[in-house]
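**Q** Predicted coordinates and the sequence they were generated for:
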Amino acid sequence: MASQKKIRLPKGFESLETSQNESQIRQKCLAKRRSKRCRSLAASLAACGGDGGPCGSGACPVCFRANRRKIIPETIKLHGQYPALKAVTLIFYEEAMTSKEFMAWDVRPLIVKLRKKFGRCGVRGPVIGSFDIDYHADTELWLPHFHLLISSDEAGLKALRRYMKRPKNMVRDGVKNRPMLVQGINDPAKQAGYLYKSYWSQIACYSKNGKRRTAKRRLKKNQHALSLLKLDQLGLQGGLFLYGLRYSGGKLRVMGQCHRGRQ
């Protein structure tokens, strides 16, 4: 019997020790907050893996690592089935929010809205990816976006771009933005790994040679604690985006209509 080709994880995939060390950092950050919710989450992360088993929190890097180990290989397999997949980032500037608004904001209506929009744009699927959000230090706003792998013809992508470039999402405070980025897939393992992150970042701005630049950095303490509470609220799969796919039992299954639209 021919041996099956082993599907690799991304280069530099985090070790269990690295995840455990990150959990310690998160516990310390949360334990120092006055909020009872923060301290309760710190205790939950500390107890993970004990007599109660995995904590299952979306804020737990150890549990998130276990989830990543399952879904990344499945996503790489999907790329093998649909080599025309594109890596697409969709940024929702119209949904930008302050830290006061952050915990009350719910991503689920946006996920439902985006699924419906894919159907109207003629995106046949499949589509897989996840919700992400960065804190922009210069504006003090959280900016929601999705990192996705999309199987679609050019007509579908053009229709999606028109939707993303609506004036209220395209222009904010007089600044013209780029709400949609499309790239090819050169390293399926690396790009699949980027879809499922167990952390959110701060975007810092600086000037170099007279040009505005940005860099991703670790969130500062207050924003870090908020992000962990939100990740816990979402759960391990609350930010997962699927269209034309089903994910259960650690396996991805393509829905029938996507088989007919295979490229």
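**A** Alright, I've got the coordinates.

**Q** Run the chain-centre distance for stretch 56-71.
**A** Per C-alpha atoms, centre = their mean, to the nearest Å, the displacement of stretch 56-71 from the mean C-alpha position of its chain is 13 Å.

**Q** whoops, stretch 246-253 was the one
**A** With C-alpha atoms, centre = their mean as the basis, the distance from the averaged C-alpha position of stretch 246-253 to the chain average is 18 Å.

**Q** Need the contact partners of it.
**A** Outside of stretch 246-253, the residues that reach it under the criterion C-beta atoms under 8 Å, 6 or more residues apart in numbering are Lys70, Ile71, Glu74, Thr75, Lys77, Leu78, Ile128, Gln237, Leu240, Leu245, Met255. Every residue, glycine included, has its C-beta placed from N, CA and C.

**Q** mind listing what's buried in that stretch?
**A** Of the residues in stretch 246-253, those with enough neighbours to count as buried (16 or more other C-beta atoms under 10 Å) are Tyr247, Leu252.

**Q** hmm, back to that, can you put the contacts of stretch 246-253 in a markdown table and add secondary structure and neighbour count?
**A** Formatted as a markdown table, the entries for those read as follows, by DSSP: H, G, I helix; E, B strand; the rest coil; neighbours: other C-beta atoms under 10 Å:
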| residue | secondary structure | neighbour count |
| --- | --- | --- |
| Lys70 | helix | 14 |
| Ile71 | helix | 22 |
| Glu74 | helix | 17 |
| Thr75 | helix | 23 |
| Lys77 | helix | 15 |
| Leu78 | helix | 19 |
| Ile128 | strand | 28 |
| Gln237 | coil | 13 |
| Leu240 | strand | 19 |
| Leu245 | strand | 19 |
| Met255 | coil | 13 |
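
**Q** of these, closest to Gly122?
**A** Gly122 has its nearest neighbour among the contacts of stretch 246-253 in Met255, at 16.2 Å by C-beta to C-beta.

**Q** Quick check: Tyr135 touching Tyr199?
**A** No - the criterion here is C-beta atoms under 8 Å, and Tyr135 misses it with Tyr199 at 11.6 Å.

**Q** who touches both of those two?
**A** Common contacts of Tyr135 and Tyr199 (C-beta under 8 Å, 6+ apart): Ser227.

**Q** higher neighbour count, these two?
**A** Neighbours around Tyr135 and Tyr199, counted as other C-beta atoms under 10 Å, are more numerous at Tyr135. The numbers are 24 against 16.

**Q** is it true that Ile185 touches Tyr82?
**A** No - contact between Ile185 and Tyr82 fails when scored by C-beta under 8 Å: they sit 10.0 Å apart.

**Q** higher neighbour count, those two?
**A** Using other C-beta under 10 Å as the criterion, Ile185 and Tyr82 rank with Tyr82 on top: 20 against 15.

**Q** Identify the residue nearest the more buried one in space, chain neighbours excluded?
**A** The spatial neighbour of Tyr82 that comes closest, neighbours along the chain excluded (C-beta to C-beta, 6 or more residues apart in numbering), is Ser151 at 4.6 Å.

**Q** tally of neighbours for that neighbour?
**A** So Ser151, with other C-beta under 10 Å, has 26 neighbours.

**Q** so how far is Met164 from it?
**A** Here the distance between Ser151 and Met164 works out to 18 Å (C-beta to C-beta, to the nearest Å).

**Q** One more: Ala225?
**A** The gap separating Ala225 from Met164 is 31 Å, by C-beta to C-beta.

**Q** And for Gln183?
**A** Gln183 is 15 Å from Met164, by C-beta to C-beta.
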